[in-house]
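[1] turn this into a structure:
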Amino acid sequence: MAFTVRTAHTAELDSADLRAVRSLLHDGFAGGFSDADFEHALGGMHALVHGEDGIVAHGSVVMRRARHRGRWLRIGYVEAVVVRPAERRRGLGGQVMGALERVVDRAYDLGALSASEDGALLYGPRGWRPWTGRIHALSPDGIVRLADEEGGLLVRPALAAPPDPDHELVFDWRDGDVL
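    Residues are numbered from 1 along each chain as shown. The predicted model follows:
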């Protein structure tokens, strides 16, 4: 089967594309992908892998902000990476990440993503490294520590020097899972 990779901004996706991506995420995460999670994946660049029967893999990168050492960084935050279960272990996740990493490396100070243990197997060999420092968020009630997220965040230095884990990352707030 031949696969093609397409990158497009959310604004370039039609309603059929968005429904197909939402369905793929629902199936790929066994129903564990919420509406808030889907909302987090919108507003940036998408990498879509098309097969003979539609979209078989997806990921997106959206802009986030994080303060580090007194400076607000542009973070290319990777969201909603999924491969149709029947198509896994064929390199499609790597194709998605390759397209997203080109965006991150050229447009952002730093790449970041929240990874499961299984996901880390894809990201580690691609240059994504565990963030060993503290993680906070600027919430409606002020800065709060996200200790439960520590250990699951991976980063990829892009345009800026690698961040110093002796200084925390303070992410912008969003509804649902902050990271």
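
[2] ok, which stretches of this protein are strands?
    Assigned by DSSP state E, the chain shows strands spanning 4-9, 45-51, 54-68, 71-83, 110-114, 129-130, 135-139, 142-145, 153-157, 169-172.

[3] which residues are contacting stretch 35-54?
    1-10, 13, 17, 20-22, 25, 55-63, 79-80, 83, 87, 92, 95-97, 99-100, 103, 174-177 (C-beta atoms under 8 Å, 6 or more residues apart in numbering). For the C-beta atoms, the positions are set from N, CA and C on the backbone; glycine is no exception.

[4] which strand residues bridge the closest residue to residue 81 other than its chain neighbours?
    Closest residue to residue 81 apart from its sequence neighbours, by C-beta to C-beta, 6 or more residues apart in numbering: residue 59 at 3.9 Å. In this entry, residue 59 is beta-bridged to residue 47, by DSSP bridges.

[5] ok, residue 59 to residue 142 distance?
    32 Å (C-beta to C-beta, to the nearest Å).

[6] from residue 83, how far off is residue 54?
    Distance from residue 54 to residue 83, by C-beta to C-beta: 13 Å.

[7] how about residue 124?
    Residue 124 is 17 Å from residue 83, by C-beta to C-beta.

[8] the two: who's more crowded?
    Legend: neighbour count by other C-beta atoms under 10 Å for residue 124 and residue 83, higher for residue 83 (23 against 13).

[9] hmm, that one is touching residue 57, no?
    Yes - under the criterion of C-beta atoms under 8 Å, residue 83 makes contact with residue 57 at 4.4 Å.

[10] what is in contact with those two at once?
    49, 92-93, 96.

[11] may I ask which helix or strand of the chain has the lowest mean pLDDT?
    Counting by mean pLDDT, DSSP states H and E, the chain has its least confident helix or strand at helix 117-123, which shows a mean of 82.
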